[in-house]
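Peer 1: can you look at this prediction? I've put the sequence above it.
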Amino acid sequence: MVKAVVGANWGDEGKGKITDMLGSAADIVVRYQGGANAGHTIVNQYGKFALHTLPSGVFYDNITNVIGNGVALDIPVLIDEIASIISKGVPAPKLLVSDRAHIMMSYHKNFDAYEEERLGKKSFGSTKSGIAPFYSDKFAKIGFQVSELFDDDLLKEKVIKIAEMKNVLLTYFYHRPALQPEDLYKELVAYRQKIEPFVCDVSLYLDKAIKKGKDILLEGQLGALKDPDHGIYPMVTSSSTLAAYGAIGAGIPPYAIQDIIVVCKAYSSAVGAGAFVSEIFDEAAETLRLRGGDGGEFGATTGRPRRVGWFDCVASRYGCRLQGATEVAFTVLDVLGYLDEIPVCVGYEIDGEVLTDFPVTHRLNKAKPVLEVLPGWQEEIRGIKDYENLPKNCRRYIEFVEEKLGFPIKMISNGPNRDDIIYKR
Ligand code: GDP
């Protein structure tokens with residue numbers, strides 16, 4: 001059985017916690033897209049961790065963790081992350097890395113930083129992890145696949161070609177030092193030595209696992225609204241954030257994915273630039289930001305303050321639909337307990353017309369939120385285990401959102417820990 005855990009919104013919905021929680025029942029956890037640009041926060045018996053590259057199953061010694069072909073493989077970050085969890089007492093994880101994954105090169109990160117600097121105020125708010133240059137090169141067919149590390153002649157030839165191409169931009173466009181083919185070769189050889197123990201034909205491995213009836217969890221990064229095709233283009237990421245891409249980024253058949261758990265946060269948050277219709281500002285935002293998540297809404301990778309806003313039914317319904325939700329996990333609900341009234345965005349007003357279906361970006365940029373205000377519950381709900389024991393107004397909030405989404409909320413997360421979870425129905 002293959003399940004996917006993915007985000008409905010802009011990311012940071014609490015997928016790490018849900019994956020970690022469901023992980024206990026899984027045999028294999030797979031990352032299938034994205035790179036070290038976002039982080040999952042996980043709180044468990046070993047401490048609090050922000051994972052950027054490792055799959056969330058690394059804290060269970062019965063789980064095999066897999067980095068699929070769709071991932072932007074940042075080898076130094078991966079190796080550091082393994083060392084860092086081991087140093088906190090976590091047993092060395094079982095890890096497999098696809099021989100078809102592409103390698104994040106140091107020049108990808110440099111190009112990312114140079115471009116953000118060039119764009120200045122118009123920048124994308126990139127984490128400068130090299131993601132856009134990396135995926136551009138992958139699809140321009142000038143990336144390095146893990147398998148290529150083991151063909152020395154190919155590497156020696158390819159580094160010359162790459163340096164030649166990259167140096168045109170570096171020299172004439174960015175006015176930065178040129179790449180030397182020997183340096184690129186050395187970088188790749190160092191990567192080869194580090195990654196060799198983990199390299200695997202992941203698609204074949206997963207095919208066998210599926211046939212043996214193993215439980216496989218696909219772990220998505222970011223959320224539907226950051227998808228390059230269906231998100232708020234161009235303020236999106238550079239690999240697909242949808243569950244559908246799990247099939248491609250892990251190398252399994254699309255019909256193998258039977259359960260799609262879409263994680264939706266009880267309010268909204270976003271990092272980076274781009275339309276965010278239900279965003280709030282000033283004091284209301286500051287309070288929600290400080291109370292949000294587990295210790296405030298600040299980026300797991302960058303520490304940047306996240307933008308925050310009210311729950312957005314329009315964006316979330318769209319996100320659940322594009323992900324193909326079989327169920328919704330509604331998270332971080334405990335945080336809203338301080339509010340006496342909770343506004344919810346139920347529509348977008350664009351040029352005098354109210355929409356409830358998510359529009360394309362150029363229209364989205366004009367949208368103003370249509371808010372409906374629900375009563376708050378003003379109570380601490382952490383520690384509650386049964387749905388019936390939640391305060392009446394809290395259940396009302398959940399059921400209101402569920403109706404607007406049109407997808408069943410089956411899990412409610414009321415705290416950052418693994419066991420802070422309520423099953424509904
Ligand atoms: P991800 O990228 O989707 O995994 O999201 P984050 O790593 O940004 O997780 C969101 C933050 O919320 C983290 O600090 C989590 O520990 C925390 N968190 C997750 N679920 C809950 C919850 O139900 N309540 C609270 N208060 N915090 C949560």
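Peer 2: Okay, I see it. Residues are numbered from 1 along each chain as shown.

Peer 1: all contacts plus neighbour counts: C-alpha atoms, from now on.
Peer 2: Noted.

Peer 1: can you mark which positions in stretch 250-265 are buried?
Peer 2: Neighbour counts over stretch 250-265 (16 or more other Cα atoms under 10 Å) mark 250-252, 257, 259-265 as buried.

Peer 1: show me those residues that map onto strands.
Peer 2: Assigned to strands by DSSP state E, the following of the buried residues of stretch 250-265 qualify: 257, 259-265.

Peer 1: thought L73 was touching G35?
Peer 2: Yes: counting by Cα atoms under 8 Å, G35 is a contact partner of L73 at 6.3 Å.

Peer 1: what's the overlap in contacts for these two?
Peer 2: T53 (Cα atoms under 8 Å, 6 or more residues apart in numbering).

Peer 1: tell me the secondary structure at E116.
Peer 2: The local conformation at E116, judged by DSSP: H, G, I helix; E, B strand; the rest coil, is helix.

Peer 1: the closest residue to it other than its chain neighbours: how many residues sit nearby?
Peer 2: Nearest residue to E116 in three dimensions, chain neighbours excluded: S123, at 5.1 Å (Cα to Cα, 6 or more residues apart in numbering). Using other Cα atoms under 10 Å, S123 has 14 neighbouring residues.

Peer 1: so how far is the ligand from S123?
Peer 2: S123 is 22 Å from the ligand, where distance means Cα to the nearest ligand atom, to the nearest Å.

Peer 1: relative to D61, how far out is that residue?
Peer 2: 41 Å (Cα to Cα, to the nearest Å).

Peer 1: which secondary element of the protein has the worst mean pLDDT?
Peer 2: strand 40-44 (a mean of 79; mean pLDDT, DSSP states H and E).

Peer 1: can you tell if that strand touches the ligand?
Peer 2: Yes: applying Cα under 6 Å from any ligand atom, one finds strand 40-44 in contact with the ligand at 40-43.

Peer 1: who wins for neighbours among the residues you listed?
Peer 2: Highest neighbour count within the residues of strand 40-44 next to the ligand, by other Cα under 10 Å: H40, with 26 neighbours.

Peer 1: can you name the residues that contact the closest residue to that residue other than its chain neighbours?
Peer 2: Setting aside the residues directly before and after it, H40 is nearest to G16 in space (Cα to Cα, 6+ apart), at 4.7 Å. The contact partners of G16, by Cα under 8 Å, 6+ apart, come to 40-42, 56.

Peer 1: what about G16, which SS state?
Peer 2: helix.

Peer 1: can you give me the pLDDT of it?
Peer 2: Per-residue pLDDT puts G16 at 85.

Peer 1: over to the one 5 residues further on?
Peer 2: M21 is assigned 87 on the pLDDT scale.

Peer 1: am I right that it is in a helix?
Peer 2: Yes: counting by three-state DSSP, M21 is located in a helix.

Peer 1: okay if I get the ones in strands among the buried residues of stretch 250-265 as CSV plus pLDDT and distance to the ligand?
Peer 2: Listed next are those as CSV, based on pLDDT from 0 to 100; distance: Cα to the nearest ligand atom, whole Å:
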residue, pLDDT, distance to the ligand
I257, 98, 20
D259, 97, 18
I260, 98, 15
I261, 98, 12
V262, 98, 10
V263, 98, 8
C264, 97, 9
K265, 97, 8
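
Peer 1: tally of neighbours for S24?
Peer 2: A count of nearby residues for S24, using other Cα under 10 Å, gives 16.
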